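In: Coordinates for the following, if possible.
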Amino acid sequence: MSPVLVDHSSNPIRAAPLRLRLQQWHRLEAIAKTLDRSRNEVIEELLAWAEEDWRKGATPAQLASYEKHIKAAQGESSEAPTKKTRAKK
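Out: Below you'll find the model as predicted:
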């Protein structure tokens, strides 16, 4: 699979801490290496799959609540200042 450049200008990448148990980290790493993909790609695909599956059984009230929460989270992340990092020497 050749690398693909992706435009993230409308959906910027933000660094966020992700806490995993060691076993979860090993499983994620094994899946990523098996598929020859990055851990982030695997996480994104798993989230998309889980969300699609969840939406099938969700009630209208749950869907409305989800949409409210996702919009609030997106608003918070776009308002938060980005942390400046120094280049490593």
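In: which residues sit against the host helix or strand of Lys33?
Out: Using DSSP states H and E, Lys33 maps to helix 22-35. With contact meaning CB atoms under 8 Å, 6 or more residues apart in numbering, helix 22-35 is reached by Leu20, Ser38, Arg39, Glu41, Val42, Ile43. Just so you know, the C-beta spots here come from the backbone N, C-alpha and C atoms, and that holds for glycine as well.
In: Next: stretch 37-50.
Out: Contacts of stretch 37-50 (CB under 8 Å, 6+ apart): Met1, Leu18, Leu28, Glu29, Ile31, Ala32, Leu35.
In: For the last one, grab the count of nearby residues.
Out: Burial of Leu35, expressed as a neighbour count using other CB atoms under 10 Å, amounts to 12.
In: Then the fourth one?
Out: Taking other CB under 10 Å as the criterion, the count of residues near Glu29 is 13.
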